[in-house]
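S.K.: Sequence plus the predicted model coming up.
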Amino acid sequence: MFDSIDNQFRVFFSHPDATRSVIILVMCLLGGWLVSKILTRLIVVLVQLVAVQADEAPTKRAMQLRRVETYLGIVLAFVRVLTITVVGFVGWRLLAPDSSSSVAAIGIGTIFAVISGGTIIPLLRDITAGSAMIAERWFTVGDFIRIEPFPELGGVVEALTLRSTKLRGLNGEVIWLHNQHIQAVRITPRGLRTIRIDLFVRDVEAARQLIERASATLPTGTTAVMGGVKIVQEEQVASKRSMLIVEGQTPPGREWLLETYFIETLLDLDRSRSNTEAILTRKPIVRYIDAAAEKSFKRAVRTK
């Protein structure tokens, strides 16, 4: 009985037949999907564990963990491609066991040419671009970047593979981008921009109260003004004239909270003071501060 069943299976898998081809194709697809699903799930769980540790770790350790998270995303892409390749090869061997046949070779060559022209070549462009970006460490998971030549396209990198890059915008939008379309990136260090505001005032104490009232109206948080604003320096510049330097940090795209809203609130509060002289003697000066940029420009600027 078992010999008879074994012979039937041997005959079924060794002789070409339409039903046989369909069954083999379905089995290969289901097997490939199941293996890919299991391996993908395991890697995704590992990525999530690394991501949680990266969010809670100190800065230097967090950068190392983010790099590991990036590499795990690449491994995930490799696993999917490898699974598809193995399943395709197994299916081909089962459907065409006589691989030396010239007819089979011509048919397979034709199918490969059609697929490569519409699918593989664009995929290779993505993989080439992604490999170059990863090898040169353009950015890692967790960085805030802007894409060139699409200046309005930017966000936090949530996933990076050889084929594509996934971004999350400040408004919650999810953006997928083929790597071959990324010509350049603008990276914001630590995901925040530091803004300093120079205020020229008559009365330092009254200016402090004015800044506190204006600061109280600012939204705070990781997607607004991080930690509010603070006075970082006081300096007397003339008789009865002082300069206060106020500093705040915002993510890219929310600079207007300090550049526009905070300044207008200061001016409005100053003008609303009844029967008293204005506290601000000049229009506030807004400027960006970055320690690495200052160091680089110090080397670039040469004076006698």
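M.R.: Structure's in. What do you need? Keep in mind the model is a prediction, meaning the values are calculated, not measured.
S.K.: Tell me how far R168 lies from P122.
M.R.: 25 Å (Cβ to Cβ, to the nearest Å). Every C-beta, even on glycine, is put in place using the N, C-alpha and C of the backbone.
S.K.: can you check V86 too?
M.R.: 22 Å.
S.K.: Where do the strands of the stretch 201-304 of the chain begin and end?
M.R.: In the stretch 201-304 of the chain, the strands defined using DSSP state E, counting those that start in this stretch lie at 230-238, 241-250, 285-289.
S.K.: Any idea what the residue nearest to M226 when sequence neighbours are not counted is bridged to?
M.R.: Using Cβ to Cβ, 6 or more residues apart in numbering and skipping residues adjacent in sequence, the residue nearest M226 is Q249, 4.4 Å away. Under DSSP bridges, the beta-bridge partners of Q249 are T194.
S.K.: was I right about Q249 contacting G228?
M.R.: No: the criterion here is Cβ atoms under 8 Å, and Q249 misses it with G228 at 9.5 Å.
S.K.: Looking at these two, which has the bigger crowd around it?
M.R.: Taking other Cβ atoms under 10 Å, Q249 and G228 do not tie; Q249 has more neighbours (18 against 14).
S.K.: who's in contact with the more buried one?
M.R.: By Cβ atoms under 8 Å, 6 or more residues apart in numbering, the contact set of Q249 is 192-195, 225-227.
S.K.: Which positions within stretch 230-239 qualify as buried?
M.R.: The neighbour-count check on stretch 230-239 (16 or more other Cβ atoms under 10 Å) flags I231 as buried.
S.K.: Relative to T276, how far out is E235?
M.R.: Taken as Cβ to Cβ, the span from E235 to T276 is 24 Å.
S.K.: hmm, back to that, okay, among the contacts of Q249, which ones form the most distant pair?
M.R.: Farthest-apart pair in the contacts of Q249 is R193 and G227; separation 13.6 Å (Cβ to Cβ).
S.K.: Looking at the two, which one has more neighbours?
M.R.: Using other Cβ under 10 Å, the more surrounded residue of R193 and G227 is R193, with 21 against 11.
S.K.: Quickly note the distance from that one to G155.
M.R.: Taking Cβ to Cβ, one finds R193 at 15 Å from G155.
S.K.: before we move on, what about P251?
M.R.: P251 is 10 Å from G155, where distance means Cβ to Cβ.
S.K.: D198 now?
M.R.: 31 Å.
S.K.: higher neighbour count, these two?
M.R.: Legend: neighbour count by other Cβ under 10 Å for D198 and G155, higher for G155 (24 against 16).
S.K.: How much space separates that one from A132?
M.R.: With Cβ to Cβ as the criterion, G155 and A132 are 21 Å apart.
S.K.: go on, R241?
M.R.: Using Cβ to Cβ, we find R241 at a distance of 55 Å from A132.
S.K.: Do I have it right that R273 meets L280?
M.R.: No: R273 is beyond contact range of L280, at 10.6 Å (criterion: Cβ under 8 Å).
S.K.: which one of those two has more residues nearby?
M.R.: Neighbour tally, R273 and L280, criterion other Cβ under 10 Å: the higher count belongs to L280, 19 against 12.
S.K.: Pull the contacting residues for the more buried one.
M.R.: Here L280 is in contact with 199-201, 207, 266-267, 270 (criterion: Cβ under 8 Å, 6+ apart).
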